[in-house]
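[1] I'll drop the sequence and a predicted model, then ask my questions.
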Amino acid sequence: MRKVLLATFLGSAAALAVGGASANDELVKMSQNPKDWVMPTGDYANTRYSKLNQINAQNVGKLQVAWTFSTGVLRGHEGGPLIIGNMMYVHTPFPNKVYAIDLSQENKIVWKYEPKQDPNVIPVMCCDTVNRGLAYGDGKIFLHQADTTLVALDVKTGQVAWTAKNGDPSKGETGTSAPMVVKDKVLIGISGGEFGVQAHMSAYDIKTGKLAWRGYSEGPDNQLLVDDKTTALGKPIGKDSSLKTWQGDQWKIGGGATWGWISYDPELNLVYYGSGNPSTWNPKQRPGDNKWSMTIWARNPDTGVAKWVYQMTPHDEWDYDGVNEMILSDQSINGQPRKLLTHFDRNGLAYTMDRTNGELLVAEKYDPKVNWTSGVDMDKNSPTYGRPKVLDAASTDKAGEDVNVKGICPAALGTKDEQPAAYSPDTQLFYVPTNHVCMDYEPFKVSYTAGQPYVGATLSMYPPAGETHMGNFIAWDGKTGKIVWSNKEQFSVWSGALATAGGVVFYGTLEGYLKAVDAKSGKELYKFKTPSGIIGNVTTYENGGKQYVAVLSGVGGWAGIGLAAGLTDPTAGLGAVGGYAALSNYTALGGTLTVFALPN
Amino acid sequence: MILVASGGIAVADGPGDPTAVKKEDDGKWLDKEGTPTYKISDGTVDWFTYSGYRRYHSDCHVCHGPDGMGSTYAPALKDSVKSMSYGDFLGVVASGRKNISTAQENVMPAFGDNPNVACYMDDLYVYLRARSTEAWGRQRPSKKEEKTEAYTKAEDACMGHK
């Protein structure tokens, strides 16, 4: 069935190519207008950098709240609004409401969409009912609902133009990620890594909602969408590259979820995204490298065929989900201009690659506490080239089932989770929200039941030994792989960053502060406590000649699990320190958009 | 309202005195009512408390938070078990429940068909009961009674292991 569908739509893709080119041109042009914020990632390169400079390092201290908007939903609010001309589009967690707000009419709600979804999808959403935002293209707003329905709404009226079902929640497949419009297609990933989903990236026709292609994270080559030209670290991956790395049929419940952000290089005609952890969390139940979980993918957006792949964490033993964003930049390394891809992985390593061919240039720890690996083998002639060297003390596979391995850094949350970093071409630095948390990890045997959690490990999390803070906000040089400055935060920084031409970088904190810091030094220039903890991404736009900064607050998500109660204290009884403080002492639930501007 | 939000049955009727009076062959302790309970002395926990700790932190904590403490979207089970009977606990874990109103959308799935949970209901209950009275704190049990042969046999049969 799947093959038939694929063949049909590959054929029709060619016929639609003309219409597709115009949609692409429209979006490329719109994303270059700094007054708008037309895609969930700001731009195709995922830089989250704005050319707006009315708010700058000199005046940001005078920032004030311009207006606020309650979303009417309590759960964790990830992502951020889209801004197109005078209109703003705000999304919410389940039930996935969409509000279209007219900024020129005192923020009047022009239309509202609220889908009817079976509430049984709620408990199969691991880690809260979050949604990371909307996409725009071809006169439509695209929403990926919790129940995996991809819906196209008329941008003017909110009327449903088409819907497509991307997965089956009764098998644990859910929708949390933001769609991305590339040319004549809407790309969307799928969640369910903790439910044994065989995950995929899927592309739907922007006009009709028909499936154009679907590339799986693991399985036979025709499901992966790879061919004899697909490479890993410069070499062809060969036949059955995935199947060879799984035992039996485990790949069919192999995970590799695709719920992160998507980037696109129009010149190279490649889309980039990461695949997540293999299922289960018990590494003993899935011997092998488990390809292509934990992988950076570069695919052709027209056909879905992969040009190159790179697996960061072969045979994951810690849930270091590889879904984090791929930030595209053009910088010089050793005097040579390079087209780069930079990725801050959950595993605590930041990778700088050549995005044209997947060559690995830099792989370094972006939290000095990372201790599961001594680093990546960078010797091109080595048989383990490109692989991380796993240290025995942190190997939950070596220790085996029913053994508790202590003191692994980072925790399964990763040194960074989905909260996206920003890149400023002015400073050539990346601004990265990070977690500073370690864990004990004990794998054990689990059985698979469709639609039920398929985890297989017991975890407890705590700050690194002797430390009392659980997060850092850092500036990173991707060319050299070095931290330039680092600001301590009491809690994990779980908000997406924004860099601006005003020399200011913005981010939110779990206590609820919107903070502005100097892009060069990291010096704090402004903070304001919003109504709830921030796990949303900071956005900026211009309307009526004025620059605004907007952020969703509303604590929740995975951050809301461990941190709401305070982390486990492995030395309980010896006197708790600040690092174990409960987030519930600082903030409570509630979704609000807070918009800032300079005084008149 | 608070009772509903904390996941308790509206009529609060807890399990009563947790003192362990009898030990079964599989290592499970019972209180005077015959309800499973914990037995902790000098920092050594019974096997069920230990096993419940492990199972809780695999299948329950992703919603209910570490150590039964709750999250931003699911109740603290260390409090819930204070006001619900053992029978109600088993019923909710097996069949799930929904608390849906204009203010909240809390849905607990049914775990009756999931052997990773269904085979360990008593383990989970005993661990959470120990948490509810603070007989056990926010840490991993380090000293424990050994797993019994009877337990291993029952576990293998339930999980379908050979």
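    Now that the structure is in, tell me what you want to look at.

[2] tell me where chain A has helices.
    Secondary structure of chain A (DSSP state H): helices located at A:2-31, A:221-224, A:396-399, A:559-565.

[3] any idea of the pLDDT on the residue in chain B sticking out farthest from the centre?
    Largest separation from the mean C-alpha position in chain B: B:Thr102, at 29.3 Å (CA atoms, centre = their mean). At B:Thr102 the predicted local distance difference test score is 71.

[4] doesn't it belong to a strand?
    No: using DSSP: H, G, I helix; E, B strand; the rest coil, the secondary structure at B:Thr102 is coil, not a strand.

[5] contacts for stretch A:97-114?
    Residues from elsewhere that reach stretch A:97-114, judged by CB atoms under 8 Å, 6 or more residues apart in numbering or on different chains: A:67, A:69, A:71-73, A:83, A:86-92, A:95-96, A:134, A:141, A:143, A:151, A:153, A:155, A:157-158, A:160, A:543-544. For every residue, glycine as well, the C-beta is placed using N, CA and C.

[6] buried among those? Make that a PyMOL selection.
    To isolate the buried members of the contacts of stretch A:97-114 in PyMOL, using 16 or more other CB atoms under 10 Å in any protein chain shown:
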select buried, chain A and resi 69+71+73+83+87+88+89+90+91+92+95+96+134+141+143+151+153+155+158+543
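
[7] chain B: helices as residue ranges?
    Taking DSSP H as the criterion, chain B contains helices spanning B:2-5, B:47-55, B:61-64, B:77-80, B:86-95, B:115-118, B:121-132, B:149-159.

[8] would the fifth one count as contacting chain A?
    No: Helix B:86-95 does not reach chain A (CB under 8 Å from any CB of the partner chain); its nearest approach is 12.2 Å.

[9] tell me the buried residues in that helix?
    By neighbour count, and taking 16+ other CB under 10 Å as the criterion, the buried residues in helix B:86-95 are B:Tyr86, B:Asp88, B:Phe89, B:Leu90, B:Val92, B:Val93.

[10] would you agree the fourth one is in contact with B:Tyr120?
    Read it as B:Leu90. No: assessed by CB atoms under 8 Å, B:Leu90 is found out of contact with B:Tyr120, at 11.7 Å.

[11] for B:Trp47, what are its contacts?
    By CB under 8 Å, 6+ apart, the neighbours of B:Trp47 are B:Gly27, B:Lys28, B:Lys144, B:Glu145, B:Glu146, B:Lys147, B:Thr148, B:Tyr151.

[12] what of A:Ala497?
    By CB under 8 Å, 6+ apart, the contact list for A:Ala497 reads A:48, A:419-422, A:431-433, A:473, A:505-507, A:537-538.

[13] how many other residues sit next to the closest residue to it other than its chain neighbours?
    Sequence neighbours aside, A:Ala422 is the residue nearest to A:Ala497 in space, at 4.0 Å (criterion: CB to CB, 6 or more residues apart in numbering or on different chains). Counted with other CB atoms under 10 Å in any protein chain shown, the burial measure for A:Ala422 works out to 27 neighbours.

[14] could you report the pLDDT at A:Ala422?
    The pLDDT attached to A:Ala422 in the predicted structure is 98.

[15] run through the bridge partners of it.
    For A:Ala422, the beta-bridge partners are A:Tyr431 (DSSP bridges).

[16] which residues touch it?
    When contacts are counted by CB under 8 Å, 6+ apart, A:Ala422 touches A:Thr47, A:Arg48, A:Tyr49, A:Phe430, A:Tyr431, A:Gly496, A:Ala497, A:Leu498, A:Ala499, A:Val505.

[17] can you rerun that using 10 Å?
    Counting by CB atoms under 10 Å, 6 or more residues apart in numbering or on different chains, A:Ala422 touches A:42, A:46-50, A:327, A:429-433, A:496-500, A:505-507, A:519, A:537-538.

[18] residue contacts, A:Lys62?
    A:Ile55, A:Tyr526, A:Ala597, A:Leu598, A:Pro599.

[19] in strands, which of those residues appear?
    Within these, membership in strands is found for A:Tyr526, A:Ala597, as judged by DSSP state E.

[20] if we can go back for a sec, what is the nearest of the contacts of A:Ala497 to chain B?
    Among those, A:Gln419 lies closest to chain B (CB to the nearest CB), at 16.0 Å.

[21] show me where pLDDT drops low in chain B?
    Under the criterion of pLDDT under 70, the regions of chain B flagged as low confidence span B:1-12, B:103, B:161-162.

[22] so which of the contacts of A:Ala422 are in strands?
    Where those overlap with strands, as defined by DSSP E, the overlap consists of A:49-50, A:327, A:429-433, A:498-500, A:505-507.

[23] could these go into CSV alongside pLDDT?
    Formatted as CSV, these follow (pLDDT from 0 to 100):
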residue, pLDDT
A:Tyr49, 98
A:Ser50, 98
A:Ile327, 98
A:Leu429, 98
A:Phe430, 98
A:Tyr431, 98
A:Val432, 98
A:Pro433, 98
A:Leu498, 98
A:Ala499, 98
A:Thr500, 98
A:Val505, 98
A:Phe506, 98
A:Tyr507, 98
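
[24] in a markdown table: the residues you listed, plus neighbour count.
    Listed next are these as a markdown table, based on neighbours: other CB atoms under 10 Å in any protein chain shown:
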| residue | neighbour count |
| --- | --- |
| A:Tyr49 | 25 |
| A:Ser50 | 28 |
| A:Ile327 | 27 |
| A:Leu429 | 23 |
| A:Phe430 | 25 |
| A:Tyr431 | 28 |
| A:Val432 | 29 |
| A:Pro433 | 26 |
| A:Leu498 | 29 |
| A:Ala499 | 29 |
| A:Thr500 | 29 |
| A:Val505 | 28 |
| A:Phe506 | 30 |
| A:Tyr507 | 29 |
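
[25] in JSON lines, list these along with distance to A:Lys207.
    Conversion of those to JSON lines gives the following (distance: CB to CB, whole Å):
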{"residue": "A:Tyr49", "distance to A:Lys207": "31"}
{"residue": "A:Ser50", "distance to A:Lys207": "31"}
{"residue": "A:Ile327", "distance to A:Lys207": "30"}
{"residue": "A:Leu429", "distance to A:Lys207": "40"}
{"residue": "A:Phe430", "distance to A:Lys207": "37"}
{"residue": "A:Tyr431", "distance to A:Lys207": "37"}
{"residue": "A:Val432", "distance to A:Lys207": "38"}
{"residue": "A:Pro433", "distance to A:Lys207": "37"}
{"residue": "A:Leu498", "distance to A:Lys207": "33"}
{"residue": "A:Ala499", "distance to A:Lys207": "35"}
{"residue": "A:Thr500", "distance to A:Lys207": "35"}
{"residue": "A:Val505", "distance to A:Lys207": "39"}
{"residue": "A:Phe506", "distance to A:Lys207": "37"}
{"residue": "A:Tyr507", "distance to A:Lys207": "38"}
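
[26] who in the stretch 251-400 of chain A is up against chain B?
    Remark: the part of the stretch 251-400 of chain A in contact with chain B comprises A:Thr280, A:Trp281, A:Asn282, using CB under 10 Å from any CB of the partner chain.

[27] which of those lies closest to A:Asp240?
    Using CB to CB, A:Thr280 is the member of those that sits closest to A:Asp240, with 22.6 Å.

[28] and the residue nearest to the closest one when sequence neighbours are not counted, how far is that from A:Gly219?
    Nearest residue to A:Thr280 in three dimensions, chain neighbours excluded: A:Gly456, at 3.7 Å (CB to CB, 6+ apart). With distances taken as CB to CB, to the nearest Å, A:Gly456 is found 21 Å from A:Gly219.
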